[in-house]
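Participant: sequence-free structure coming up:
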Ligand SMILES: NC(=O)C1=CN([C@@H]2O[C@H](COP(=O)(O)OP(=O)(O)OC[C@H]3O[C@@H](n4cnc5c(N)ncnc54)[C@H](OP(=O)(O)O)[C@@H]3O)[C@@H](O)[C@H]2O)C=CC1
């Protein structure tokens, strides 16, 4: 019998540690490389890897029970929506509990991944190149800032300070300033709330409205209401819509633009606090920016405000700096086409973990994706042929285009519960596909797809 494939896991954030745990449990040999001196990735405020997007006031917006890994609950004494350091401590505890720490090589980045027949050559920041039969990419997708494209007129010549939310780390950056926050996602509303307490004036500039969801509905974390993979989307979303209508009401009541889409057709913006600060007049809603002058910002409705700082909360690019240009370039579309959002349809042994933007938490998803990958590596899960994979990808893209607002932030969007159900079913389908194949070979990684 051939030796099990050797796997390289890139990153020890929440997705990488989920993969490491599953591989360790299954006895699949692997190395996990992490740029930083600790695990936790994006959830480590001030992470020495220099790419964490966390800020001092960050609290997770999926509830404790819904974000936890399936076999390692978050401590009951934590709040429903823990702070970044509590989330990071949970990942530390997970790594210790499952004995992962010794299996991770810290302060070591993956600099280059070169596919070759039967595997990959992986070059590390130490200069060493190692060979692997499989690579699990878990490098995250909220670390490479997307600035407004194109830049707003006047952005190059204005005297106003401009930063991306990625470089926002603490309230001192806002102190005493007149701040214009651009965007209507979760970074924007969190930073606008911080600015409303620490700045001299706060303007929230949105090119599109959002249905802002409070963290609690009827006394329960909103995501625990109808949040189950057993409940189909056609029941969940109308119910959630109704609850939202009866709790927050119309967004225009807070001075925000009316959303141009239905609830759940965009990545959710979750914040009870922003609604409160809008209601108190501590944040002034504004439409999109039309241009920046020397010291003022002009909006598309012709209004103008004096400003000291613009914070662009305009999202992130999907980036894989370790692949050659052109190999798998999300490019201007910010899109990566993967079978079941995990498997590269043309490069055997190349897997992506956590490369989804769920309406929900990523950790249980990363765990389930890792189970699928481990099954594939061990031969108990088989992929369809290449045409079958391409057909699934095309169908998924059509569904995303139909379901979500056209935006670069929605290219890897999934519904948490529906996708979790799909992964469970796909595991069964893959096992059925593997049954005849398994008679001839148990080894799949490194084999060319049919
Ligand atoms: N507390 C938490 O748990 C937090 C979680 N997050 C998560 O991190 C991820 C990234 O969030 P975030 O940083 O908010 O980014 P998002 O991609 O979610 O949102 C970007 C926002 O910027 C707008 N935008 C993009 N380009 C422009 C432009 N050129 N001009 C004007 N507006 C523009 C988008 O509008 P449009 O919709 O029109 O494209 C959208 O409103 C998400 O998954 C989010 O949920 C972030 C912060 C806190």
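Facilitator: Perfect, I can see it now. Keep in mind that what you see is a predicted model, and the values were worked out from it rather than measured.

Participant: does residue 417 touch residue 227 like I think?
Facilitator: Yes - with contact defined as CB atoms under 8 Å, residue 417 counts as touching residue 227 (6.3 Å). The way it works is simple: take the backbone N, C-alpha and C, and place the C-beta from them, glycine included.

Participant: now the common contact residues for those two.
Facilitator: 236, 360 (CB atoms under 8 Å, 6 or more residues apart in numbering).

Participant: residue 183: neighbour count?
Facilitator: For residue 183, the count of nearby residues is 25 (other CB atoms under 10 Å).

Participant: what's the answer for the one 3 residues further on, then?
Facilitator: Around residue 186 sit 20 other residues, with neighbours defined as other CB under 10 Å.

Participant: what do you get for residue 433?
Facilitator: So residue 433, with other CB under 10 Å, has 16 neighbours.

Participant: show me the contacts for it.
Facilitator: Counted by CB under 8 Å, 6+ apart, residue 433 has contacts 381, 382, 383, 384.

Participant: over to the first one. Which of the three states is it?
Facilitator: Assigned with DSSP: H, G, I helix; E, B strand; the rest coil, residue 381 falls in the coil class.

Participant: so for it, what's the pLDDT?
Facilitator: Reported pLDDT at residue 381 in the predicted model: 97.

Participant: that one and residue 432 touch, don't they?
Facilitator: No - using CB under 8 Å, residue 381 is not in contact with residue 432; the gap is 9.6 Å.

Participant: between these two, which is the more surrounded one?
Facilitator: Neighbours around residue 381 and residue 432, counted as other CB under 10 Å, are more numerous at residue 381. The numbers are 23 against 10.

Participant: please name the residues that touch that one.
Facilitator: Residues near residue 381 by CB under 8 Å, 6+ apart: 372, 375, 427, 430, 431, 433, 434.

Participant: and it, how close does it get to the ligand?
Facilitator: Distance of residue 381 to the ligand, computed by CB to the nearest ligand atom, to the nearest Å: 28 Å.

Participant: quick one: that residue and residue 103, what's the gap?
Facilitator: The gap separating residue 381 from residue 103 is 23 Å, by CB to CB, to the nearest Å.

Participant: equivalent analysis for residue 314, please.
Facilitator: 37 Å.

Participant: the more surrounded of these two?
Facilitator: residue 314 (21 against 18).

Participant: helices of the stretch 1-150 of the chain, residue ranges please.
Facilitator: 14-26, 64-67, 84-97 (DSSP state H, counting those that start in this stretch).

Participant: what distance separates the second one from the centre of its chain?
Facilitator: Distance, stretch centre to chain centre, for helix 64-67: 16 Å (CA atoms, centre = their mean, to the nearest Å).

Participant: what's near enough to touch the residue of the stretch 201-350 of the chain found nearest the ligand?
Facilitator: With CB to the nearest ligand atom, the shortest gap between the stretch 201-350 of the chain and the ligand falls at residue 315, namely 2.6 Å. Neighbour list for residue 315: 146, 183, 185, 187, 408, 409 [criterion: CB under 8 Å, 6+ apart].

Participant: just to revisit the earlier point, is it possible to get TSV of the helices of the stretch 1-150 of the chain that adds distance to residue 212 and mean pLDDT?
Facilitator: Output for those, formatted as TSV (distance: least, CB to CB, whole Å; pLDDT from 0 to 100):
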stretch	distance to residue 212	mean pLDDT
helix 14-26	25	98
helix 64-67	19	94
helix 84-97	21	98
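
Participant: tell me the most buried of those?
Facilitator: helix 14-26 (a mean of 25; mean count of other CB atoms under 10 Å).

Participant: can you name the residues of the stretch 1-150 of the chain sitting close to the ligand?
Facilitator: Contact residues, the stretch 1-150 of the chain versus the ligand (CB under 6 Å from any ligand atom): 58, 59, 60, 61, 142, 148, 149.

Participant: name the nearest of those relative to residue 41.
Facilitator: residue 142 (9.1 Å; CB to CB).

Participant: in the stretch 201-350 of the chain, which spans are strands?
Facilitator: Under the criterion DSSP state E, counting those that start in this stretch, the stretch 201-350 of the chain contains strands at 201-205, 212-213, 216-217, 220-221, 269-270, 284-286, 289-292, 296-299, 304-306, 309-312, 316-317, 350-352.

Participant: for the stretch 351-450 of the chain, just list every one of the strands.
Facilitator: Under DSSP E, counting those that start in this stretch, the stretch 351-450 of the chain gives strands at 357-359, 413-415.

Participant: residues of the longest helix belonging to the chain that come out buried?
Facilitator: Determined from DSSP state H, the single longest helix within the chain is helix 416-440. Buried residues in helix 416-440, counted by 16 or more other CB atoms under 10 Å: 416-423, 426-427, 430, 433-434, 438.

Participant: right, is it up against the ligand?
Facilitator: No - residues of helix 416-440 are not located near the ligand by CB under 6 Å from any ligand atom, the shortest gap being 11.8 Å.

Participant: ok now that helix, how far from the chain's centre?
Facilitator: Worked out by CA atoms, centre = their mean, helix 416-440 lies 24 Å from the chain centre.

Participant: before we move on, what about stretch 136-154?
Facilitator: Distance, centroid of stretch 136-154 to centroid of chain: 12 Å (CA atoms, centre = their mean).

Participant: give me the buried positions along it.
Facilitator: The neighbour-count check on stretch 136-154 (16+ other CB under 10 Å) flags 136-148, 152, 154 as buried.
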